[in-house]
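Visitor: below are the sequence and a predicted model for it; my questions follow.
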Amino acid sequence: MPTIPAATVDAIITDPPYSSGGMMRGDRAQSTTAKYVQSTSHRRGTEFTGDNRDQRAFHLWSTLWISEALRTMRPGGIIGMFTDWRQLPTTTDALQLGGAVWRGIIPWHKPNGRRTQGRPANNCEFFVWGTNGPRELADGETLDGFWQQNAPRDRVHQTQKPVALLEWLTRVCPPGGTILDPFAGSGTTLLAAKNTGRHAIGIELTAHYCQTTVDRLADQPIALDLAGADT
């Protein structure tokens, strides 16, 4: 992100590591496969990094990257990130400490999510969003405050989001604008941006997922900037 000029992107849409999957420090230190993969058909997915911070470190780290991300975004632009129920309070705090104006939460409901006997199901993830300072109301479509769709069955990333969900979220960026995803993973945000007529900048540390993104986009050229720590 430090290489991106200030005030040059129109929106930030991303899915950072949650550092979740349990209530105790030892739970968070487990592998991403143990924490997030329930079906054995998805256990072939490559582990991803940055997901074992304790709560205090996660809070401080989130504040730091959000602050740097906002530097790259034009005034009034929308920043949004996924989180789960455990990290929802911390994420909304970090968004504000990082300098954004917190605007709301969009639940993503997964009808086939795992049930727990005798308890309400935790089968929602949440898209926390805000703006880079004031945002004037403008003509255009209005997005609903709720999305319902099952998680992808055939996935190339352990926590992959549906392309349709990201296509819907990219509509907060004006057509032809630029979306930044600082945690690109397997490139779903970038693919959605291309499909909806937006440009995209993706940043990803894991070499495997940098290549996965390139492969997914190989037949669909877009404005692509992948930064890999070891590629």
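Guide: Structure received.
Visitor: let me see the mean pLDDT of the lengthiest strand in the chain.
Guide: With secondary structure taken from DSSP state E, the chain has its longest strand at strand 73-83. For strand 73-83, mean pLDDT is 97.
Visitor: run the chain-centre distance for it.
Guide: 11 Å (CA atoms, centre = their mean, to the nearest Å).
Visitor: next one: stretch 128-144
Guide: With CA atoms, centre = their mean as the basis, stretch 128-144 stands 18 Å off its chain's centre.
Visitor: what's the local residue count around the nearest residue to Ile4 once chain neighbours are set aside?
Guide: Leaving aside its sequence neighbours, Ile4 sits nearest to Thr72 (CB to CB, 6 or more residues apart in numbering; 4.5 Å). Quick note: C-beta positions are derived from backbone N, CA and C, even for glycine. Thr72 has 22 neighbouring residues, counting by other CB atoms under 10 Å.
Visitor: contacts only, for Thr72.
Guide: Residues near Thr72 by CB atoms under 8 Å, 6 or more residues apart in numbering: 1, 4-9, 12, 180.
Visitor: neighbours of Pro175, just the number please.
Guide: 9.
Visitor: quick one: it from Trp147, how far?
Guide: 21 Å (CB to CB, to the nearest Å).
Visitor: helices of this structure, start to end?
Guide: Listed in chain order, the helices of the chain (DSSP state H) span 25-28, 32-36, 55-72, 88-97, 163-169, 188-195, 207-217.
Visitor: distance to Ile105 added to those, as a markdown table?
Guide: Formatted as a markdown table, these follow (distance: least, CB to CB, whole Å):
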| stretch | distance to Ile105 |
| --- | --- |
| helix 25-28 | 22 |
| helix 32-36 | 21 |
| helix 55-72 | 15 |
| helix 88-97 | 7 |
| helix 163-169 | 13 |
| helix 188-195 | 19 |
| helix 207-217 | 27 |
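Visitor: out of these, deepest packed?
Guide: helix 188-195 (a mean of 24; mean count of other CB atoms under 10 Å).
Visitor: could you list every helix and strand that that helix packs against?
Guide: The elements that helix 188-195 packs onto, with contact taken as 3 or more CB pairs under 8 Å, 6 or more residues apart in numbering; DSSP states H and E, are helix 163-169, strand 178-181, strand 199-203, helix 207-217.
Visitor: quick one: distance of the third one to the chain centre.
Guide: Using CA atoms, centre = their mean, we find the averaged C-alpha position of strand 199-203 to lie 12 Å away from the chain's own average C-alpha position.
Visitor: what's the angle between that strand and helix 55-72?
Guide: Taking axes from the mean of the first three to the mean of the last three CA atoms, to 10 degrees, one finds strand 199-203 and helix 55-72 inclined to each other by 140 degrees.
Visitor: would you list the phi and psi of the residue of the chain positioned farthest from its centre?
Guide: Computed with CA atoms, centre = their mean, the residue of the chain farthest from its C-alpha average is Gly118, at 30.8 Å. Taking degrees, to the nearest 10, you get phi 80, psi 10 for the backbone angles of Gly118.
Visitor: where does it land on pLDDT?
Guide: pLDDT, Gly118: 91.
Visitor: any idea how far Arg74 is from it?
Guide: In this view, Gly118 and Arg74 are 49 Å apart by CB to CB.
Visitor: give me the buried subset of the contacts of Thr72.
Guide: Applying a neighbour-count criterion of 16 or more other CB atoms under 10 Å, the buried members of the contacts of Thr72 are 4, 9, 12, 180.
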